[in-house]
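> Pasting the sequence and the predicted coordinates here, then a few questions.
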Amino acid sequence: MQQFESAGLTFDVIDQGDPDQGTFVLLHGFPQTSRCWRYTSPLLNTAGYRTLAPDLRGYSPGARPHGRRAYRLPELVEDVVALIDESGGKPVHVLGHDWGALIGWSLAALRPDLVRTLTTVSVPHPGAFVRSMLGSDQVARSWYMAAFQVPAATEALALRAPLVFNRVLESAGMDPEQISAVHREIVDADALTAALNWYRAMPFLPMAAMRARIEVPTAHVWGAADTALARRGADLVERYVDAPYELHVLPDVGHWIPEHAPYPLAEIARANAAA
């Protein structure tokens with residue numbers, strides 16, 4: 001499979017490996033594409049899993065609708081449901097990072113029939129994230145979410161002051177190769193506004209997502225050096241999972257775990273799937 005369709009949009013997907021042990025759907029976050037799984041995916045393939053890594057709504061050239069309402073969480077979830085249906089409709093293991101984790105949380109809550117196991121990376125359950133703002137420095141860490149709401153501001157920064165834009169990415173823990181990929185795959189590809197619309201659609205986030213219960217085996221992975229997400233959110237996740245659950249804290253690892261710690265991540269996801 002190279003492409004699939006959802007709501008009249010066409011999505012690109014990287015399909016690798018044989019499904020001897022099952023299938024993993026790998027969901028990227030912001031500001032990245034399916035390329036972020038280039039180290040993790042082969043490790044899962046070697047373990048006997050097929051991997052499907054889509055370029056999600058706003059990132060695939062054929063899936064960039066106009067307006068922030070088109071990027072609400074229910075639409076993002078339905079895109080993944082369409083991918084699973086197109087792949088055969090059997091339940092899959094979901095591995096999501098950053099925004100991909102948020103989609104994973106919602107998919108598992110709304111369609112547990114499609115999710116065998118859930119492994120979320122960096123971003124905690126939405127309810128845990130909101131609660132973490134009350135007892136940690138999470139509000140200060142989330143400054144960029146407010147900045148992204150200003151129309152055209154981030155786009156102007158990336159295009160007119162790329163060195164400043166790069167310093168922001170570097171301060172978030174990105175390495176030079178990742179920063180180059182952001183420019184090549186998102187900024188230069190005219191995908192930045194669409195990608196930012198995920199944040200700009202946050203005011204429409206369903207309140208039910210905050211209370212959703214997770215009833216599939218779940219592992220949550222958090223990097224102790226993550227500058228965007230506080231430990232408090234990771235600690236609160238267990239309150240929302242009514243199934244076998246494990247928290248994995250990776251010392252000396254920041255936000256970009258799929259690329260900076262692919263071996264432990266793949267092993268955690270594989271162990272969760274096998275259990």
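That came in fine, so what should we check first?
> ok, for Leu52, nearest residue in space, not its chain neighbours?
Spatial nearest neighbour of Leu52, excluding adjacent residues (CB to CB, 6 or more residues apart in numbering): Val25 at 5.1 Å. In this view, the C-beta of every residue, glycine as well, is placed from N, C-alpha and C.
> Tell me the bridge partners for that neighbour.
For Val25, the beta-bridge partners are Leu52, Val94 (DSSP bridges).
> For Gln2, see how far away it is.
Per CB to CB, to the nearest Å, Val25 is found 15 Å from Gln2.
> do Phe11 as well
Taking CB to CB as the measure, Phe11 falls 10 Å from Gln2.
> returning to what we had before: what about Val25 and Gln2, which has more around it?
Val25 (25 against 8; other CB atoms under 10 Å).
> show me the contacts for the more buried one.
Shown in contact with Val25 (CB atoms under 8 Å, 6 or more residues apart in numbering): Thr51, Leu52, Ala53, Pro54, Val80, Leu83, Ile84, Val92, His93, Val94, Leu95.
> Need the pLDDT of the residue in the chain sticking out farthest from the centre.
Taking CA atoms, centre = their mean, the residue of the chain most remote from its mean C-alpha position is Arg160, at 27.7 Å. You'll see Arg160 listed with a pLDDT of 93.
> Report the central residue of this structure.
Nearest residue to the geometric centre of the chain (CA atoms, centre = their mean): Gly100, 1.8 Å.
> Can you say which helix or strand has that one in it?
Here Gly100 sits within helix 99-110, counting by DSSP states H and E.
> Name the next helix or strand following that helix along the chain.
Counting by DSSP H and E, the next helix or strand C-terminal to helix 99-110 is strand 115-121.
> This structure: helices as residue ranges?
Taking DSSP state H, the helices of the chain run over residues 40-46, 73-86, 99-110, 126-132, 138-141, 143-147, 153-160, 162-171, 176-182, 192-200, 208-211, 231-236, 257-260, 262-274.
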